[in-house]
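Engineer: Predicted model and sequence follow; I will ask about them next.
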Amino acid sequence: MIYLLLIPLFFLIIIFIFFLFKKGKVLFRKFKTNSEKILQEDILKSVYNHQYQNSVCNIESLSEKLNKTNQQIQSSVDKLIDSKHIEPDNKEIRLTDSGKNYALKIIRFHRLYEKFLADKTNVNEKKWHQLAEEFEHNLTNEEAEKLAAQIGNPVFDPHGDPIPSPKGELPEVKGMRLSELNPGDISVVIHIEDEPDNIYQSIVNKGIYNGIQIRFLGTFNNEVSFYANEKLCSLSLEEANNINVGLLKLEKIHLGDFKKLSSLSVGQRGKIIGIAKSLRGQQRRRLMDLGIVPGTEIEVELESMSGDPLAYKIRGTTIALRKNQTEKIYIESL
């Protein structure tokens, strides 16, 4: 009797296993298709960057760049040749017109999302590139245009890289390499190349960001030296060549003649010059809403037991600010 009851259960188990197997095969095919699409789009981007930089692009260079085997790259390149996105040129690889348009579309998605992360979120800038690398493959044209409208249709991403238009047009990138400055030149950083990632992370860790003003000192023993916001900095030539700057011709340049708000003690006052451009998004907007804008006087009113945060008097109101915020607010002493 018990055996008779177990027979229907046995068939239910078989049907359930069959369903899971079938669904698993579908999911595997979907995952495989998606992975192939991502690799092909990464290849198109890499080939475009090689052509943009006038460097040689082949199977080996793509394999090294994308951390894939030569066989994996060759398989995807063959499919891109079949789809007319890539054409072989002797041993080199080049984009066709359709391949270039496709690559620029993915680059547009990537840089729009980095701009969104910079302006609308508190995500650390060290994570922008990696998050955009993942997001760029999942965006549709319609979603990209909604995102662009939401952040004001920007022309440059937060690193200073040009954002291709929906038609694939690129705005002109101006400036010169940091290493090409002359001693005594005053300039502002307008672009930091975010690849390779280890070079970019090293530059960010040294406190260099778009919009920072610098006074160039010179190149000594293959290292570039300069002042940036009162601080003496040095970069390797490789790092300096990944930074573009624009020369400044201003009547008054605040370099070394201003202080950080964090340098004031209780009872001391200052006049706000500005907020470092490395402080972005919601944090920056909150400070401006509190009255942290150029020309406003601010006074240190109280110190907490731990010394952080401190109470500041601004426009008749007392506000609390932490040291990591006041380190990025610049003032003139009063």
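Structural biologist: Sure, I can see it.
Engineer: And the helices in this protein, which stretches?
Structural biologist: Along the chain, the segments classed as helices by DSSP state H run 2-52, 59-66, 70-82, 97-120, 128-135, 141-150, 197-205, 237-240, 281-289, 323-326.
Engineer: hey, which of the ones you listed is tucked in deepest?
Structural biologist: Neighbour counts (mean count of other CB atoms under 10 Å) averaged over each of these peak at helix 97-120, with a mean of 21. Heads up, the C-betas are built off the backbone N, CA and C, glycines and all.
Engineer: Figure out how far that one is from the centre of its chain.
Structural biologist: 12 Å (CA atoms, centre = their mean, to the nearest Å).
Engineer: mean confidence score for it?
Structural biologist: For helix 97-120, mean pLDDT rounds to 92.
Engineer: Dump it to PDB, restricted to CA.
Structural biologist: C-alpha atoms of helix 97-120 as PDB (Å, rounded to 0.1, in the frame of the first residue of the first chain):
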ATOM      1  CA  ASP A  97      32.100  52.500 -39.400                       C
ATOM      2  CA  SER A  98      29.300  50.500 -37.700                       C
ATOM      3  CA  GLY A  99      31.800  49.100 -35.200                       C
ATOM      4  CA  LYS A 100      33.000  52.600 -34.400                       C
ATOM      5  CA  ASN A 101      29.400  53.800 -33.800                       C
ATOM      6  CA  TYR A 102      28.700  50.800 -31.600                       C
ATOM      7  CA  ALA A 103      31.900  51.400 -29.600                       C
ATOM      8  CA  LEU A 104      31.000  55.100 -29.100                       C
ATOM      9  CA  LYS A 105      27.500  54.200 -27.900                       C
ATOM     10  CA  ILE A 106      29.000  52.000 -25.200                       C
ATOM     11  CA  ILE A 107      31.500  54.700 -24.300                       C
ATOM     12  CA  ARG A 108      28.600  57.200 -24.000                       C
ATOM     13  CA  PHE A 109      26.700  54.900 -21.700                       C
ATOM     14  CA  HIS A 110      29.800  54.400 -19.500                       C
ATOM     15  CA  ARG A 111      30.700  58.100 -19.200                       C
ATOM     16  CA  LEU A 112      27.000  59.200 -18.600                       C
ATOM     17  CA  TYR A 113      26.800  56.800 -15.700                       C
ATOM     18  CA  GLU A 114      30.100  58.000 -14.200                       C
ATOM     19  CA  LYS A 115      28.700  61.500 -14.400                       C
ATOM     20  CA  PHE A 116      25.500  60.400 -12.700                       C
ATOM     21  CA  LEU A 117      27.500  58.700  -9.900                       C
ATOM     22  CA  ALA A 118      29.600  61.800  -9.400                       C
ATOM     23  CA  ASP A 119      26.700  64.400  -9.400                       C
ATOM     24  CA  LYS A 120      23.800  62.500  -7.900                       C
END
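Engineer: so what's residue 151 up against?
Structural biologist: By CB atoms under 8 Å, 6 or more residues apart in numbering, the contact list for residue 151 reads 112, 115-116, 119-120.
Engineer: I'd like the distance between the residue lying closest to residue 238 once chain neighbours are set aside and residue 205.
Structural biologist: In this structure, residue 238 finds its nearest non-sequential neighbour in residue 199, 6.4 Å apart by CB to CB, 6 or more residues apart in numbering. Residue 199 sits 11 Å away from residue 205, going by CB to CB, to the nearest Å.
Engineer: give me the number of residues near residue 185?
Structural biologist: Applying other CB atoms under 10 Å, we find 17 residues neighbouring residue 185.
Engineer: between the helices of the chain, which gets nearest to residue 306?
Structural biologist: Smallest distance to residue 306 across the helices of the chain (CB to CB): 10.4 Å, for helix 323-326.
Engineer: circling back to that earlier point, who's in contact with the residue nearest to residue 238?
Structural biologist: Counted by CB under 8 Å, 6+ apart, residue 199 has contacts 193, 238-239, 242.
Engineer: Residue 294 versus residue 229, what's the distance?
Structural biologist: From residue 229 over to residue 294 the distance is 16 Å, taken as CB to CB.
Engineer: neighbour count winner among those two?
Structural biologist: In terms of neighbours (other CB under 10 Å), residue 229 is the more surrounded of residue 229 and residue 294; the figures are 18 against 11.
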